[in-house]
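A.B. asks: Predicted model and sequence follow; I will ask about them next.
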Amino acid sequence: MEIDERAADVPADPTPQHTPGSTAVGRVMRGDAKAYDVLLDQAIVRAAPRGKLFEELGDVKNPVAVGDLVRVSLEGDPLGIEEVLPRENSLSKVSSSHDPRRQVLFANVDQVILVSSLGKPGFSSNRTDRILAACRLEEIPAVLLLNKIDLDPGGEAEAIRETYTGAGYPVLETSAEQGIGLEELRDLLHGKVSVLYGASGVGKSTLLNALYGLQLKVGKISRYWSSGKHTTTFSRWIPIDVEGEREAGTVVVDTPGIRVFRLWGVNRRQLRHLYPDFEPYNTKCHFPNCSHDHEPGCAVDAAVESGKISATRYLSYVEILDELDPPPEDIETVLPPE
Ligand SMILES: Nc1nc2c(ncn2[C@@H]2O[C@H](COP(=O)(O)OP(=O)(O)OP(=O)(O)O)[C@@H](O)[C@H]2O)c(=O)[nH]1
Ligand SMILES: [Zn+2]
């Protein structure tokens with residue numbers, strides 16, 4: 001199956017039969033600054049959000065995200081996205097260091113496969129823990145995938161696996177290059193909507209190509225930066241149910257490599273609830289509102305000392321905590337449902 005930068009199988013006349021003023025609901029498969037590719041029944045159409053969607057934005061940067069179900073009016077060129085239907089879930093981050101608005105990365109997914117690699121680029125606990133925290137905020141199940149285990153002479157994979165299984169996350173090891181772990185990955189993705197999310201160059205496109213015979217562009221690793229070159233530039237919703245029954249209902253979302261991921265909509269007091277490994281200790285500190293950062297009698301600190309909480313997880317927690325705002329004093333925040 002060939003997928004190119006534009007949706008490959010757009011029919012010559014993609015506009016479905018319609019009566020004037022009619023609308024249809026479709027799935028957003030891809031977008032750029034101007035418009036989105038929306039899957040309506042069997043046709044992919046190009047549609048642009050109507051102005052009113054931008055008026056209602058508040059502090060959200062993008063009104064529409066890949067995975068959204070949208071109501072499209074079947075008139076005009078391009079066609080217009082009139083409404084975004086309520087989302088089951090979505091993952092957001094702070095847009096950029098210059099723009100504090102919420103950027104919605106994708107919506108309506110079953111799970112996030114957080115892809116990282118050994119060798120180049122190397123594993124980053126800090127990046128991993130941010131995204132795991134964001135997934136927990138949105139209650140999206142997350143799986144840690146360690147790719148390039150063929151490049152693991154130092155046995156780093158084992159320590160990473162221990163840390164994250166200990167924190168309650170499933171961990172899967174693969175080598176797209178040597179075909180290791182691919183059947184487990186295929187089973188994990190089967191029948192679900194899964195986002196492959198991770199830094200540039202970890203092998204997201206290579207894994208999808210190896211599994212499904214896609215022809216996504218694969219990048220080279222820059223020798224200087226030891227990282228990828230952002231070969232994938234847009235997120236894409238890719239249904240895999242074209243090859244027959246086995247993959248019916250399977251959708252993968254390929255995403256561009258993450259540069260910087262800052263948590264959106266989380267304050268200092270909420271972060272502790274986004275670390276499932278802290279949960280048994282959160283209520284046992286001397287101070288009920290302990291930030292687990294500097295206070296005496298901190299149960300989380302003691303759990304790190306005794307090896308019950310991983311030191312790298314704790315370190316990433318403290319680093320993220322430093323970036324977050326304090327909670328509004330008079331608003332009692334409840335997150336997430338426990
Ligand atoms: N040794 C080894 N190299 C791999 C493996 N998987 C991917 N690579 C290589 O890693 C490089 C980057 O792979 P991509 O699939 O483009 O990575 P990506 O995560 O899709 O990158 P972006 O599209 O930039 O986000 C390529 O040179 C691949 O050949 C693996 O399991 N082992
Ligand atoms: Zn504490």
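C.D. replies: Received it, and whenever you're ready, just let me know what you need. Numbers count the residues shown, from 1 in each chain. Ligands and ions are numbered 1, 2, ... in the order given.
A.B. asks: which element is P153 on?
C.D. replies: Under the criterion DSSP states H and E, no helix or strand holds P153.
A.B. asks: can you pull the pLDDT of it?
C.D. replies: On pLDDT, P153 comes in at 75.
A.B. asks: what do you get for E329?
C.D. replies: E329 is assigned a predicted lDDT (pLDDT) of 62.
A.B. asks: ok, for V72, nearest residue in space, not its chain neighbours?
C.D. replies: Nearest residue to V72, sequence neighbours excluded (CB to CB, 6 or more residues apart in numbering): A47, at 4.9 Å. Any C-beta I mention is one placed from the backbone N, CA and C, and that applies to glycine too.
A.B. asks: I'd guessed the one you found sits against I81; true?
C.D. replies: Yes. Here A47 reaches I81: they are 4.9 Å apart, a contact under CB atoms under 8 Å.
A.B. asks: Mutual contacts of the two, please.
C.D. replies: When CB atoms under 8 Å, 6 or more residues apart in numbering defines a contact, the residues bordering A47 and I81 alike are 36, 38, 70, 72.
A.B. asks: Let me know how buried the residue nearest to the first one when sequence neighbours are not counted is, in neighbour terms.
C.D. replies: Across the structure, with CB to CB, 6+ apart as the measure, the residue nearest Y36 apart from its sequence neighbours is V28 (5.0 Å). One way to gauge burial is a neighbour count; for V28, by other CB atoms under 10 Å, it gives 25.
A.B. asks: Check which residues of stretch 202-219 are buried.
C.D. replies: For stretch 202-219, burial by neighbour count (16 or more other CB atoms under 10 Å) applies to 202-212, 214, 216, 218-219.
A.B. asks: Which residues of this structure lie near ligand 2?
C.D. replies: Residues of the chain lying near ligand 2 by CB under 5 Å from the ion: 285, 290, 292, 298, 300.
A.B. asks: before we move on, the earlier item: restricted to strands, list the shared contacts of A47 and I81.
C.D. replies: Using DSSP state E, the subset of those located in strands is 36, 38, 70, 72.
A.B. asks: Neighbour-wise, give me the winner out of those residues.
C.D. replies: Neighbour counts for those (other CB under 10 Å) peak at V38, which has 29 neighbours.
A.B. asks: ok, which stretches of the stretch 151-300 of the chain are helices?
C.D. replies: Secondary structure of the stretch 151-300 of the chain (DSSP state H, counting those that start in this stretch): helices at 156-166, 182-189, 204-212, 299-305.
A.B. asks: Where is pLDDT lowest across the residues of the chain next to ligand 2?
C.D. replies: When the residues of the chain next to ligand 2 are compared by pLDDT, C290 scores lowest at 94.
A.B. asks: And for it, nearest residue in space, chain neighbours not counted?
C.D. replies: Computed as CB to CB, 6+ apart, the closest residue to C290 that is not its neighbour in sequence is C298, at 5.4 Å.
A.B. asks: Is the residue most central in space within the chain bridged to anything, and to what?
C.D. replies: Closest residue to the average C-alpha location of the chain: Y197 at 4.9 Å, with CA atoms, centre = their mean. Beta-bridge pairing of Y197 under DSSP bridges involves L114.
A.B. asks: ok, it to L118 distance?
C.D. replies: According to CB to CB, to the nearest Å, Y197 and L118 sit 18 Å apart.
A.B. asks: give me the number of residues near the residue nearest to C290?
C.D. replies: C298: 20 surrounding residues under other CB under 10 Å.
A.B. asks: quick one on the thing from earlier: so the residue nearest to the centre of the chain is in contact with G257, correct?
C.D. replies: No. The criterion here is CB under 8 Å, and Y197 misses it with G257 at 9.2 Å.
A.B. asks: who touches both of these two?
C.D. replies: Common contacts of Y197 and G257 (CB under 8 Å, 6+ apart): K204.
A.B. asks: Find the residue ranges of this protein scoring beneath the pLDDT cut-off.
C.D. replies: 1-20, 219-233, 242-247, 329-338 (pLDDT under 70).
A.B. asks: near ligand 1 too, which of the buried residues of stretch 202-219?
C.D. replies: Residues shared between those and the neighbourhood of ligand 1 are 202-206, 218-219 [CB under 6 Å from any ligand atom].
A.B. asks: Quick check: D322 vs Y314, distance?
C.D. replies: Distance from D322 to Y314, by CB to CB: 13 Å.
A.B. asks: cool, and L196?
C.D. replies: L196 sits at a distance of 28 Å from Y314 (criterion: CB to CB).
A.B. asks: buried stuff in stretch 174-182?
C.D. replies: Of the residues in stretch 174-182, 174-176, 180-181 count as buried by neighbour count, 16+ other CB under 10 Å.
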